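> please find the sequence and the predicted model below.
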Protein chains: 4
Amino acid sequence: MSEPKLDPHFERADYRVFYPITTRWHDNDIYGHVNNVTYYSYFDSAVNRYLIEEGGLDIHSGEVVAYVVNSSCDYRAPLAYPQQLEAGIRVEKLGNSSVVYRVGIFAGGEQLASASGRFTHVFVGRAESRSVSIPETVRQALSKIG
Amino acid sequence: MSEPKLDPHFERADYRVFYPITTRWHDNDIYGHVNNVTYYSYFDSAVNRYLIEEGGLDIHSGEVVAYVVNSSCDYRAPLAYPQQLEAGIRVEKLGNSSVVYRVGIFAGGEQLASASGRFTHVFVGRAESRSVSIPETVRQALSKIG
Amino acid sequence: MSEPKLDPHFERADYRVFYPITTRWHDNDIYGHVNNVTYYSYFDSAVNRYLIEEGGLDIHSGEVVAYVVNSSCDYRAPLAYPQQLEAGIRVEKLGNSSVVYRVGIFAGGEQLASASGRFTHVFVGRAESRSVSIPETVRQALSKIG
Amino acid sequence: MSEPKLDPHFERADYRVFYPITTRWHDNDIYGHVNNVTYYSYFDSAVNRYLIEEGGLDIHSGEVVAYVVNSSCDYRAPLAYPQQLEAGIRVEKLGNSSVVYRVGIFAGGEQLASASGRFTHVFVGRAESRSVSIPETVRQALSKIG
């Protein structure tokens, strides 16, 4: 008899770039674990770091901004401050003006993610609030982690 | 030619109980809107308030706690501090040890939600971390908003 | 024998304007009370609401922004989600380019604040990052709650 | 003519232990800098990490908990996500049931803190909510960073 197969999105091998995350006292909620909401702040932070550092996105005054239009997360195992974590990211689908990411949150060094999420960015002109093509430097960076 | 139909989960009529939410300065992110992560904190806060006030859940020392095992959100229109908001909730599926909620976040008095989300609570013994039947008082409260 | 005198900054009468605050699930930390950090988010939210709604401060694109240069808080009694709270504010000192506020956080309807804080805003040009005179509409609003 | 002297609490040499902090997307507020409130979450996280890892404090089920009774911060220079930061801590005053900490928040590798804060922990019995003597292992750890 075999074990049920785990969703491959929980596997470390599913991700292309990893960033460390230092947990914070108040990541824990009253039940003593990292609150489910906080995982989404890890997602945002890892992906935008990649966009800024590798894709040259200027979040302060660039003409293009990236808005989240949907997001989701599956939670497999609890985490807790003061653990050291890692966020792994990859691009699942790269469109003209939007991109779908997958993000996995790992206890430091672990092979299986504690949580696995997905979210979609739509790129929009900061002034006009209409979707625009993903800027070329950002697109090149994103195409490397597909 | 007709307009595309909106997902009914964005309609006010889809929800059973509403709670006010006062936004906070730092709900806004650098782009000037309520950050996508913050919506999940609205979800948590509205649903747990119902569980505590209507279902008698004791989050401080009760024997049963509720863990989130998955969550998702679709974002339709931006919100921003200092707007006054409302969270509407309903039960989508009530199981033996788990419940699926829908939550809509509305600018005060609006008919269409700015964001519509879903999440699943599994009830677990605080000591043993195994799923348990939903406590009877909680179940009765949840069955009223199906 | 007399009771020790309470710092008058904990008294409701010390404040001029009150705003409701709806607490959130994750305001509570692992110890089951509103986390000490969260009080500062209540301060920020109440004061900026006043600046925006009564003083006409445009936080999205106005030429002047207000930066916090110091802050402090004394905690007297715990609070916990899902309590309903109020933030009371007053101006303690109104200078040319800076203002010192006092803020008290009250459980709904209580006469004594659970926490009493103080912080200083310096008004700065958004572009040049140098201190500037407080805009006239803001100054008029602030002078009403001294 | 000499420069005005900087408060020594901004100097790196004033601190005894340093912890890395990875900033998060939503540490930035609408003005594009780490929000003033967020610094206090850095304080909490650095000090409690020391109490847990060096002093053996059990935040999940220990008999003694540490509550913050006052806190303050002076802000010298802005920080912004995605900068890498460090929190330096030291003990300023070690009493029988309370301790005063100083915390400095530094951009990675910098000699001068961007912000310098202070807060007081009172140790309290988890059950009875009365102040108690600081546990011996915690006291020993604290006495090393005075």
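On my side now, so go ahead. Just so we're clear, the structure is a prediction, and the values are computed from it rather than from any experiment. Numbers count the residues shown, from 1 in each chain, chains lettered A, B, ... in the order given.

> quick one: pLDDT of the residue most central in space within chain A?
Centroid-nearest residue in chain A, with Cα atoms, centre = their mean: residue A:43, separated by 3.3 Å. Residue A:43 carries a pLDDT score of 98 in this model.

> ok, residue A:88 next?
pLDDT, residue A:88: 98.

> mind listing what the nearest residue to residue A:84 once chain neighbours are set aside touches?
Spatially, and ignoring its direct neighbours in sequence, residue A:84 is nearest to residue A:108 (4.2 Å; Cβ to Cβ, 6 or more residues apart in numbering or on different chains). Heads up, the C-betas are built off the backbone N, CA and C, glycines and all. Neighbouring residues of residue A:108 by Cβ atoms under 8 Å, 6 or more residues apart in numbering or on different chains: A:20, A:83, A:84, A:85, A:86.

> got the residues of chain A near chain D?
Selection of chain A residues close to chain D by Cβ under 8 Å from any Cβ of the partner chain yields A:19-26, A:28, A:32, A:41-42, A:44-45, A:48-49, A:52-53, A:59-60, A:80-82.

> now a PyMOL select for only the buried ones of those residues.
Burial among those is assessed by 16 or more other Cβ atoms under 10 Å in any protein chain shown; the matching PyMOL selection reads:
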select buried, chain A and resi 19+21+22+23+24+25+26+28+32+41+42+44+45+48+49+52+59+80+81+82
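
> can you give me the strands in chain A?
Under the criterion DSSP state E, chain A contains strands at A:17-22, A:64-75, A:84-94, A:98-107, A:115-125.

> longest helix anywhere in chain A?
In chain A, with assignment by DSSP state H, the single longest helix is helix A:36-53.

> phi first, then psi, for residue A:54.
Residue A:54 adopts backbone torsions of phi -100, psi -30, taken as degrees, to the nearest 10.

> quick revisit: excluding chain neighbours, what is closest to the residue nearest to the centre of chain A?
The shortest distance from residue A:43 to any non-neighbouring residue, by Cβ to Cβ, 6+ apart, is to residue A:103 (4.4 Å).

> surely the one you found touches residue A:46?
Yes - using Cβ atoms under 8 Å, residue A:103 is in contact with residue A:46, at 6.1 Å.

> which residues do these two both contact?
Each of A:87, A:88, A:89 lies in contact with both residue A:103 and residue A:46 under the rule Cβ under 8 Å, 6+ apart.

> who touches the second one in this structure?
Each residue near residue A:88 by Cβ under 8 Å, 6+ apart is listed here: A:12, A:14, A:15, A:16, A:17, A:18, A:46, A:103, A:104, A:106, A:113.

> quick check: closest non-adjacent residue to it.
Nearest one to residue A:88, counting by Cβ to Cβ, 6+ apart, is residue A:15 at 2.8 Å.

> same question, the first one
Take residue A:87 and drop its neighbours on the chain: the residue closest to it by Cβ to Cβ, 6+ apart is residue A:46, 3.6 Å away.

> one step back: just the pLDDT for the residue nearest to residue A:84.
Note for residue A:108: predicted pLDDT of 91.

> could you check how far it is from chain D?
12 Å (Cβ to the nearest Cβ, to the nearest Å).

> near chain B, which residues of chain A are found?
Contact residues, chain A versus chain B (Cβ under 8 Å from any Cβ): A:30-31, A:33, A:35-37, A:40-41, A:44, A:59-60, A:65, A:67-75, A:78, A:119.

> would you mind checking those residues for buried ones?
Among these, those scoring as buried are A:30-31, A:33, A:35-37, A:40-41, A:44, A:59, A:65, A:67-75, A:78, A:119 (criterion: 16+ other Cβ under 10 Å).

> I'd like to know which of the shared contacts of residue A:103 and residue A:46 is nearest to chain B.
Nearest to chain B out of the shared contacts of residue A:103 and residue A:46 is residue A:87 (Cβ to the nearest Cβ; 13.7 Å).

> and that closest one, how far from residue B:12?
Separation of residue A:87 from residue B:12 (Cβ to Cβ, to the nearest Å) stands at 36 Å.

> the two: who's more crowded?
Counted by other Cβ atoms under 10 Å in any protein chain shown, residue A:87 and residue B:12 do not tie: residue A:87 has more neighbours, with 27 against 15.

> pLDDT wise, what is the closest residue to residue A:36 other than its chain neighbours at?
Using Cβ to Cβ, 6+ apart and skipping the chain neighbours, the partner closest in space to residue A:36 is residue B:68 (3.9 Å). Per-residue pLDDT puts residue B:68 at 98.
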